[in-house]
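> here is a sequence together with a model predicted from it:
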Amino acid sequence: MKAPNKWLTAPLAAGLSAALLSGCGTEQGSGSGGSGGVRVGMSDEILSPDPAAGYDPGSWLLFNNVFQSLLAFPKGGSEPEPEAAEKCGFAPGSRVYTCTLRDGLTFSNGNKLTSEDVKYSFERSLRIADPSGPAPLLSTIDTIETPDERTVVFRLKVPDATFPSKIASGAGSIVDHREYPADALRTDGRATGSGPYKLDSFSDTQATFSANTGYKGTARPKNDAVTLKLYRGDRSALSKAFADGDVDVAYRGLSADDIAALETSDTTDDKGIEVTQGSSAEVQHLVFNMKDPVLGKLGVRKAIAHLVDREALVENVYKSTATPLYSIVPAGIAGHNTAFYDTYGTPDKAKAKQALRSAGITDKVELTLWSTPSRYGPATDQELKAIAGQLNESGLFDADVKSVAFDQYEKDIAAGKYGVYVKGWVPDYPDADNFTAPFFGEGNVLGNHYENAAITAGLLPRTAAAADRAATADEYGKLQDLVAEDLPLLPLWQGKQYAVARDDVTGLEWTLDASTVFRFWEIRKG
């Protein structure tokens, strides 16, 4: 799966905690979310309000609240449940998937939603195949049949038991066939869905939503309007907006320093501020180019694996707002193991030296760690400098760090110019498949020239076909063990999700989980 915009891991800039804890900025701003309205700020942008194009956290936040999918992830859950559908299920073999729609579904414009719209939405995304869109998630679809207005039958090219999770994501958003061109993106900045909210206005800096009174589904909105303010990478502006009372909630926009200060301060409660922490499956890896003359040597990669101190990175760089990660499948996702800890243990200079000597390497290893803070945040440079320091302190490496803009970074990775670089991953759906299938095989998102037929021709097809997801644990364990042995990448950390809000805002704990669905409807103010 090619998914450039889902690579997004961005710890944010400091300043919020100082303003709030010093007593500044505690008065409510003049802006209002309206009666029962909530104002949310985040540093992301919304790249597209069209489900055929948006494949970034900001766009999917919009999709999850404005559009319905056949299935959806319940709060705190990782198994999709019916949403626009009344029921869905596989025929034996996991290649034919049938859904029956709820009766009486309508779009926010009053148009009737039928199986025709479902078929149209999926075929449209596949036909447009926007480079920044989610079409790769739908690639197993062969044909779609609509025997009647309420029935949709998906026939898949191969058995794909993860298909329900894929269509429960933003990729499964259902659009009105009357308002979206069949072979082009919608360009008027509007969005017409059948979800719990309507998009009332949209610009580069703000989107406004109101409750969709015609919605029929599982959500029960606890507010009647949401104003989403977009700070487009300006983390200090988001911090100031929250400190000044211009937003009620700061989401995806707080630095590790800010969160750590607010969580440990004795005055946070006195200032009427609440920090909500949720689970997350967001991960970051150090990626090795298997064709690089230096990093292509297994002994060098093993030495690095024996030296990187994840605990120190998490504590010193990320202030414990992340946790050490020892496998490609994160904790909390079925199938997770600790393959890298089991194989390499805690940092050990003697074992690192032995790995190099066994490979015939006696001189210091010179290498450059490549970073792109414009995409992954300024803490990424700090993190890689810390890793370079850990390597150099061993006396076995002479490592430095270089940063480039994201566009150039991606081009250089594709051209094979980097030996080792960082990648972060925000999952599309909470299944081990989404932390493995995109990383291996032709066109994978790592771009590191790693090939292993045991994974791509064996383990991945078998796990994808298994209808009982819990039964895949052993196979995913084997896959993770193989990756730990081959070392095409080194897992670094798994993130935590945070939101900071005024103490009259409740429900945020139901918006922060491994599904990555930020549920407007769970938030109540006052």
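It's in. Numbering: from 1, shown residues only.
> look up phi and psi at the residue most central in space within the chain.
Taking Cα atoms, centre = their mean, the centroid of the chain lies closest to residue 426, which sits 1.9 Å from it. Torsion angles at residue 426 (phi, psi; degrees, to the nearest 10) stand at phi -100, psi 120.
> just the pLDDT for the closest residue in space to residue 485 that isn't next to it in sequence.
Distances taken as Cβ to Cβ, 6 or more residues apart in numbering put residue 343 closest to residue 485, at 6.8 Å, once the chain neighbours are dropped. C-beta here means a position set from N, CA and C on the backbone, and glycine is covered the same way. In this model, residue 343 is scored at 98, pLDDT.
> which SS state does residue 343 fall under?
With DSSP: H, G, I helix; E, B strand; the rest coil as the basis, residue 343 sits in helix.
> show me what contacts it?
Residues near residue 343 by Cβ atoms under 8 Å, 6 or more residues apart in numbering: 305, 481, 484-485.
> which residues of the stretch 101-250 of the chain fall in helices?
For the stretch 101-250 of the chain, applying DSSP state H, counting those that start in this stretch gives helices covering 115-128, 163-167, 235-243.
> looking at those, which is nearest to residue 139?
helix 115-128 (7.8 Å; Cβ to Cβ).
> residue 394 contacts residue 308, correct?
No. Assessed by Cβ atoms under 8 Å, residue 394 is found out of contact with residue 308, at 10.5 Å.
> OK, contacts around the nearest residue to residue 409 once chain neighbours are set aside?
Distances taken as Cβ to Cβ, 6+ apart put residue 372 closest to residue 409, at 4.0 Å, once the chain neighbours are dropped. When contacts are counted by Cβ under 8 Å, 6+ apart, residue 372 is found next to 380, 403-406, 409, 422.
> among those, which one has the most neighbours?
residue 422 (26 neighbours; other Cβ atoms under 10 Å).
> any idea what that residue is bridged to?
Going by DSSP bridges, residue 422 is paired in beta bridges with residue 286.
> ok, now residue 101?
residue 85.
> residue contacts, it?
Going by Cβ under 8 Å, 6+ apart, residue 101 touches 70, 84-86, 113-115, 118, 149-152.
> what pLDDT is listed against it?
Reported pLDDT for residue 101: 98.
> same question, the one 5 residues further on
pLDDT for residue 106: 98.
> swap in residue 238?
In the predicted model, residue 238 carries a pLDDT score of 87.
> can you tell me how far it is from residue 303?
From residue 238 across to residue 303, the span is 40 Å (Cβ to Cβ, to the nearest Å).
> picking that back up, out of the contacts of residue 101, which are buried?
70, 84-85, 113-115, 118, 150, 152 (16 or more other Cβ atoms under 10 Å).
> so which of those comes closest to residue 500?
Closest to residue 500 out of these is residue 84 (32.8 Å), distances taken as Cβ to Cβ.
> so who does the closest one touch?
68-70, 101-102, 105, 113, 118, 174, 194, 217.
> redo the residues you listed as JSON lines? Include distance to residue 318.
Below are the contacts of residue 84 laid out as JSON lines (distance: Cβ to Cβ, whole Å):
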{"residue": "68", "distance to residue 318": "36"}
{"residue": "69", "distance to residue 318": "33"}
{"residue": "70", "distance to residue 318": "37"}
{"residue": "101", "distance to residue 318": "44"}
{"residue": "102", "distance to residue 318": "43"}
{"residue": "105", "distance to residue 318": "43"}
{"residue": "113", "distance to residue 318": "43"}
{"residue": "118", "distance to residue 318": "42"}
{"residue": "174", "distance to residue 318": "38"}
{"residue": "194", "distance to residue 318": "39"}
{"residue": "217", "distance to residue 318": "37"}
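> wait, which of those is closest to residue 313?
Comparing the contacts of residue 84 against residue 313 with Cβ to Cβ places residue 69 closest, at 36.3 Å.
> and the closest one, what pLDDT?
We have a pLDDT of 98 for residue 69.
> touching, it and residue 173? I think so.
Yes. Look at residue 69 against residue 173 with Cβ under 8 Å: they come within range, at 5.9 Å.
> what sits closest to residue 491 if chain neighbours are left out?
residue 325 (4.2 Å).
> sorry, slip of the keys, the one I care about is residue 70.
residue 85 (4.3 Å).
> contact partners for that neighbour?
Here residue 85 is in contact with 70-71, 99-102 (criterion: Cβ under 8 Å, 6+ apart).
> need the residues you listed in CSV with distance to residue 40, can you?
What follows is these, written out as CSV (distance: Cβ to Cβ, whole Å):
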residue, distance to residue 40
70, 27
71, 25
99, 31
100, 34
101, 31
102, 28
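> closest to residue 470 out of those residues?
Among the contacts of residue 85, and counting by Cβ to Cβ, the member closest to residue 470 is residue 71, at 18.4 Å.
> distance check, that closest one against residue 99.
Distance, residue 71 to residue 99, by Cβ to Cβ: 8 Å.
> what do these two both touch?
By Cβ under 8 Å, 6+ apart, residue 71 and residue 99 have these common neighbours: 85, 88.
> who does the nearest residue to residue 118 once chain neighbours are set aside form a beta bridge with?
Nearest residue to residue 118, sequence neighbours excluded (Cβ to Cβ, 6+ apart): residue 152, at 4.8 Å. Listed by DSSP bridges, the beta-bridge partners for residue 152 are residue 99.
> tell me the contacts of residue 152?
Contacts of residue 152 (Cβ under 8 Å, 6+ apart): 70, 98-99, 101, 115, 118-119, 144-146.
> now with 10 Å, please.
70, 84-85, 88, 97-101, 114-119, 122, 144-146 (Cβ atoms under 10 Å, 6 or more residues apart in numbering).
> and for residue 112?
So residue 112 contacts 104-106, 149, 176, 194 (Cβ under 10 Å, 6+ apart).
> again, 7 Å this time
Residues in contact with residue 112 (Cβ atoms under 7 Å, 6 or more residues apart in numbering) are residue 106.
> and for residue 457, the neighbour number?
11.
> roughly how far apart are it and residue 71?
According to Cβ to Cβ, residue 457 and residue 71 sit 29 Å apart.
> which residue packs closest to residue 403, ignoring adjacent ones?
residue 371 (4.6 Å).
> for the one you found, what are its contacts?
Applying Cβ under 7 Å, 6+ apart, the residues near residue 371 are 380-381, 384, 401, 403, 422.
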